[in-house]
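Trainee: Generate coordinates for the sequence data below:
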Amino acid sequence: MTTIITVVFLLGYLMITLENNIKVNKTAVALFLSVACWVLYMGNCGSYIDLMHASDFAEWKKALSEGSIATAASYVVHKVFINHVGDTSEIIFFLLGAMTIVEVVDSNGGFNFVRDKVRTKSQRALLWRITFMTFFLSAVLDNLTSSIVMVMVLRKLVHHRRLRMAYAGMVILAANAGGAFSPIGDVTTIMLWIKGNITTLGVIKELFLPSLASVLVPLLILQHILKGDLVQVKVNDDTQGEKFEFSKGQRNAVFYVGVVGLVFVPIFRTLTGLPPFMGIILVLSVLWIMTECFYHHHKDSPRKNRVSAVLRRIDLSTILFFLGILMAVGALQETGVLAALGVELEKLSGGNAYVITGAIGIASSIVDNVPLVASCMHMYEIATPAQALANPELESLLIDGTFWQLLAYCAGTGGSILIIGSAAGVIVMGLEKISFGWYLRHYTLLALAGFFAGMIVYWLEKLFIF
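Mentor: Residues are numbered from 1 along each chain as shown. A predicted model of the protein is given here:
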């Protein structure tokens, strides 16, 4: 059954990558794939529980009353499946909230402020400004939110769609690289940080230069392709004010509440312990109340820019794609395939941290990096100084060890190799309608060059600095 599930998953993923060729929407395929994988899983769920959850299943049966049905299927529904639904829902609610916040800010003229700060006539200068703004913004917010913000800004600066796609590709690379050196910049670094595998100072200090290299190498290559000046479109600030019915001060207030609110989300999570999507909901509600108060003073304000109307314009297709693909990956994870893959990598690499994490990084361009990193965290335990002293091979597994830091870097930047390999890539793909094939032709080699450049920089750091 495991072979069948794996084959079905790979065929489904192939259909997603060939969306433009087969003319079937990737969201439809992802939703079907998720159901198919879980149905097949349920056909042999007893064996999978013995493999992945034997002790927990035994405890669960003991805790049940005599009248309850302690079957493997009921355990999967109540304990396994519902956990994956919960994890997936957190991401979906976060994505839905973040997309809504950014759309509200954009609809009410908030991003005019950012647009004016990065505006330039030169295509090459804009490339550098957009790349570095995305890189550092991603470290403070997260790669997904940063990508949404920068695509909205690009729409106001670059009006030729094909040219905007070139900038959007660089946004993906910069967002993933920026998220890799920050403990709150990417889901995988957050996972490693919360469990204690890496520390805030350690990951910033040792992964900043590798992450910067991973984006600088593609940037230096791409800047020779983008030449000349942009087509300038005059934007009159007063006209914008009439369109949005907000004064310049109100538009700036919308921007600051939206963006600063997104920055506050990791802090909210730390202070309350609640999932990040709760922080997103808090920010959205505050922004909603504030804009409603602004509109209250404009009797003839256009209802199309209010939050209630913006919600109807959110790209639900992208949301459903996340639902389908994450649930399908969850089913694959429960078969033990991902953990087995990690064991094989350990054998083939001889325990070399660079080979293992490099392979995981490349694999994360195809398979979601969250279950890959989660599998590694379950396969390997954090080594203590005493254990490392007794066995030098465990030194890379110390807190802030080579293995954990490379895992954060590779899982984060490796997703840039293919457009479907990261949340940033998928959201930009949906917003700008970039095809898998176009990105493969124009950005995959650039992303690979940056990926390996970062690993080399990290190796040099370990050799000469740390």
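
Trainee: can you give me the helices for the stretch 151-300 of the chain?
Mentor: Using DSSP state H, counting those that start in this stretch, the helices found in the stretch 151-300 of the chain span residues 161-180, 187-195, 200-222, 237-244, 248-272, 276-296.

Trainee: Now do V24 against Y443, distance only.
Mentor: As judged by CB to CB, to the nearest Å, V24 and Y443 stand 24 Å apart. From N, CA and C alone the C-beta is placed, and that goes for glycine too.

Trainee: meant to ask about L287
Mentor: Taking CB to CB, one finds L287 at 33 Å from Y443.

Trainee: For those two, indicate the residue with more neighbours.
Mentor: Neighbour tally, L287 and Y443, criterion other CB atoms under 10 Å: the higher count belongs to Y443, 26 against 22.

Trainee: Phi first, then psi, for the more buried one.
Mentor: When read as degrees, to the nearest 10, the backbone of Y443 gives phi -130, psi -20.

Trainee: With adjacent residues omitted, what lies nearest to it?
Mentor: Spatial nearest neighbour of Y443, chain neighbours left out: G169 (4.5 Å); criterion: CB to CB, 6 or more residues apart in numbering.

Trainee: Check W60 too.
Mentor: Counting by CB to CB, 6+ apart, the residue nearest W60 is Y75, at 5.8 Å.

Trainee: Just the pLDDT at that neighbour, thanks.
Mentor: Y75 is assigned 82 on the pLDDT scale.

Trainee: Also A449?
Mentor: 95.

Trainee: Run a quick neighbour tally on G437.
Mentor: 14.

Trainee: what about it, distance to V158?
Mentor: With distances taken as CB to CB, G437 is found 21 Å from V158.

Trainee: Please settle this for me: is the residue nearest to W60 part of a helix?
Mentor: Yes: counting by DSSP: H, G, I helix; E, B strand; the rest coil, Y75 is part of a helix.

Trainee: Report the contact partners of it.
Mentor: When contacts are counted by CB atoms under 8 Å, 6 or more residues apart in numbering, Y75 is found next to I49, H53, F57, W60, K61.

Trainee: Check which helix or strand the last one maps to.
Mentor: When elements are assigned from DSSP states H and E, K61 belongs to helix 54-63.

Trainee: Could you name the helices and strands sitting against that helix?
Mentor: With contacts taken as 3 or more CB pairs under 8 Å, 6 or more residues apart in numbering; DSSP states H and E, helix 54-63 sits against helix 72-75.

Trainee: got the CA positions of the helix it packs on in PDB?
Mentor: C-alpha atoms of helix 72-75 as PDB (Å, rounded to 0.1, in the frame of the first residue of the first chain):
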ATOM      1  CA  ALA A  72      -7.400   1.600  14.300                       C
ATOM      2  CA  ALA A  73      -9.700   3.600  12.100                       C
ATOM      3  CA  SER A  74     -11.200   5.500  14.900                       C
ATOM      4  CA  TYR A  75      -7.700   6.200  16.300                       C
END
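
Trainee: pLDDT at the residue nearest to Y443, what is it?
Mentor: Note for G169: predicted pLDDT of 92.

Trainee: next one: the host helix or strand of V428 to chain centre, how far?
Mentor: Element membership for V428, per DSSP H and E: helix 423-432. How far helix 423-432 lies from its chain's middle: 10 Å, per CA atoms, centre = their mean, to the nearest Å.

Trainee: Report the rounded mean pLDDT for that helix.
Mentor: Helix 423-432 carries an average pLDDT of 82.

Trainee: report the angle between the axes of it and helix 161-180?
Mentor: 160 degrees (axes from the mean of the first three to the mean of the last three CA atoms, to 10 degrees).

Trainee: Was I right to think C45 contacts V77?
Mentor: No: C45 lies out of contact with V77 (CB atoms under 8 Å); the separation is 9.4 Å.

Trainee: Give me the more crowded residue out of these two.
Mentor: Between C45 and V77, counting by other CB under 10 Å, C45 is the more crowded of the two (22 against 13).

Trainee: ok, so what distance separates the more buried one from L31?
Mentor: If you go by CB to CB, the gap between C45 and L31 works out to 21 Å.

Trainee: Same question for R312.
Mentor: Distance from R312 to L31, by CB to CB: 21 Å.

Trainee: More neighbours: the two, which one.
Mentor: Higher neighbour count among R312 and L31: L31, with 18 against 8, using other CB under 10 Å.

Trainee: Quick check, the more buried one in contact with L326.
Mentor: No: counting by CB under 8 Å, L31 does not reach L326; the two are 11.3 Å apart.

Trainee: Common neighbours of the two, please.
Mentor: By CB under 8 Å, 6+ apart, no residue touches both L31 and L326.

Trainee: circling back to that earlier point, other SSEs contacting the helix holding V428?
Mentor: helix 82-107, helix 143-157, helix 161-180, helix 316-334, helix 436-442.

Trainee: Can you check what angle separates that helix from helix 143-157?
Mentor: Computed by the same axes, to 10 degrees, the angle separating helix 423-432 from helix 143-157 equals 30 degrees.

Trainee: Offset the numbering so it begins at 20, please.
Mentor: Happy to do that; since the first residue is 20 now, the last one works out to helix 442-451.

Trainee: For helix 442-451, give me every contacting residue.
Mentor: Under CB under 8 Å, 6+ apart, the answer for helix 442-451 is 110, 114, 118, 157, 162-163, 165-167, 170, 180, 183-184, 187-188, 190-191, 194-195, 198, 206, 334, 336-337, 340-341, 434-435, 437-439, 453, 455, 458.

Trainee: Let's see the pLDDT reported for the closest residue to N63 other than its chain neighbours.
Mentor: Nearest-residue entry for N63: M20, 4.0 Å, with adjacent residues in sequence omitted and distances by CB to CB, 6+ apart. For M20, the pLDDT comes out at 84.

Trainee: before we move on, what about S394?
Mentor: 66.

Trainee: and if you look at K318?
Mentor: 61.

Trainee: same deal with the one 5 residues further on?
Mentor: Turning to K323, the model gives it a pLDDT of 68.

Trainee: repeat for F154
Mentor: At F154, pLDDT is 92.

Trainee: got the buried residues for the helix or strand in which it is found?
Mentor: Using DSSP H and E, F154 sits in helix 142-159. By neighbour count on 16 or more other CB atoms under 10 Å, the buried set for helix 142-159 is 142-146, 148-154, 156-159.

Trainee: And these, which is closest to Y314?
Mentor: L156 (28.3 Å; CB to CB).

Trainee: excluding its backbone neighbours, what's nearest the closest one?
Mentor: Leaving aside its sequence neighbours, L156 is closest to S165 (4.5 Å, by CB to CB, 6+ apart).

Trainee: Please give me every residue in contact with that neighbour.
Mentor: Contacts of S165 (CB under 8 Å, 6+ apart): T153, L156, S157, A194, G197, G198, A443.

Trainee: switch to 6 Å and redo it
Mentor: Applying CB atoms under 6 Å, 6 or more residues apart in numbering to S165 gives the contacts T153, L156, S157, A194.

Trainee: How about L303?
Mentor: Residues in contact with L303, defined by CB under 6 Å, 6+ apart, are G116, T119, I120.

Trainee: which ones are touching the last one?
Mentor: This points to I120. Shown in contact with I120 (CB under 6 Å, 6+ apart): G277, L303.
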